[in-house]
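Trainee: Compute the structure for the input listed below.
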Amino acid sequence: MSKVVKFTFHALSPATLFPESYTIFGAICWGIKILFGEKDLKGTLERFKESPPFILSSPLFITERGVLFPKPTLDGGWPEAKTHEDYSLRKKLKRVNFVNEEIFKAILDGEIKTEYELSKRISESEKIENPYEEVNTVHATINRITWTTTEGNLYNETAFYVSYPFSVLMVFFDEDLIDKVHASLKFTQIGGNRSTGMGVYKVELEEYKGWLNDYINGKGNRFISLSPHFYDGTYRLEESFFNTFPYMGVVDNYYEAVIPHIWKKRVLYIDKGSNIKVERNKDFYGAFKNLSRIEDKPIYQYGYAFPIFVRWE
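Mentor: Below you'll find the predicted structure:
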């Protein structure tokens, strides 16, 4: 048995990054370690290596027009371009990163199966903008020996201002962890520059009872993932549609002794919105990778999919 819950985040400050499922998972881990102890965290991480006790989606933004989902990756289906309008449909779709609930459900139900069909459903009047704003902030360089600013040395840093609250869906295969995860997310910040007040969110928890439950708990051999994830051996890649991106994160040490930045090994993610055909149905897809070690401590990277099963396979 499993339970689907929804964590809703209200930004109280800008953040240094746009949170993804693996970023939020890192915040959960820090919260468990600080609030419940390192032994508790080690036991939780050991479970993820074999069978995850929970999986989580990337943010779904809550706007005046409803919830925004990552744009699914579909088969092209484009006819031969003969007019300016034909070319503009392709160009317009490239600028869209999110789709609304109505369009996402139409994709799940098989009413939209190609990029061409999707482009016709997203008219200019329905154009969906990114729900966050990216800006550059200026900082002074700090001398960590004298703890004074270094005269004349400034640097730029990107910050994100989130315009809307967002929800993260989580499927718990072990319901005993729900309160622990909630406490962890309420305690920790997400992203970098936490000492300057970045990445602060108000977090609310409720059981999810929305329409998407029928597709989360559904069965089938094709799904749309709401989170970036690692390749799974059950994937039939020749029948799937997806984008990939390389990622190399820094080991987070904000809550412990100050040490030089240690980079994790570079990994290749299958991006959110991926449209994956699988050989068989199961509870989870993806992987939980051990990337390196610091002294005797393993460094992990979260990479499980959040599958939403379609109804046209």
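Trainee: Hmm, F166 is touching T63, no?
Mentor: No. Between F166 and T63 there is no contact under C-beta atoms under 8 Å: 9.7 Å. For glycine as for every other residue, the C-beta is placed from the backbone atoms N, C-alpha and C.
Trainee: What are the boundaries of the strands in the stretch 201-313 of the chain?
Mentor: With strands called from DSSP state E, counting those that start in this stretch, the stretch 201-313 of the chain shows them at 201-207, 222-225, 244-247, 267-270, 275-277, 286-294, 297-304, 307-309.
Trainee: Adding mean pLDDT, write these out as a markdown table.
Mentor: Shown next, in a markdown table, are those (pLDDT from 0 to 100):
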| stretch | mean pLDDT |
| --- | --- |
| strand 201-207 | 94 |
| strand 222-225 | 97 |
| strand 244-247 | 95 |
| strand 267-270 | 96 |
| strand 275-277 | 98 |
| strand 286-294 | 86 |
| strand 297-304 | 91 |
| strand 307-309 | 97 |
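Trainee: Turn the ones you listed into TSV, including distance to R90 and mean neighbour count.
Mentor: TSV is the format used below for the strands of the stretch 201-313 of the chain (distance: least, C-beta to C-beta, whole Å; neighbours: other C-beta atoms under 10 Å):
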stretch	distance to R90	mean neighbour count
strand 201-207	37	15
strand 222-225	21	24
strand 244-247	21	11
strand 267-270	23	19
strand 275-277	18	20
strand 286-294	31	16
strand 297-304	31	19
strand 307-309	26	23
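Trainee: Just tell me which of these ends up closest to F48.
Mentor: With respect to F48, and counting by C-beta to C-beta, the nearest of the strands of the stretch 201-313 of the chain is strand 286-294 at 4.5 Å.
Trainee: who does the closest one touch, helix- and strand-wise?
Mentor: Using 3 or more C-beta pairs under 8 Å, 6 or more residues apart in numbering; DSSP states H and E, the elements in contact with strand 286-294 are helix 38-50, strand 297-304.
Trainee: Looking at those, which is nearest to V278?
Mentor: Once the helices and strands packed on strand 286-294 are compared by C-beta to C-beta, strand 297-304 is nearest, at 13.8 Å.
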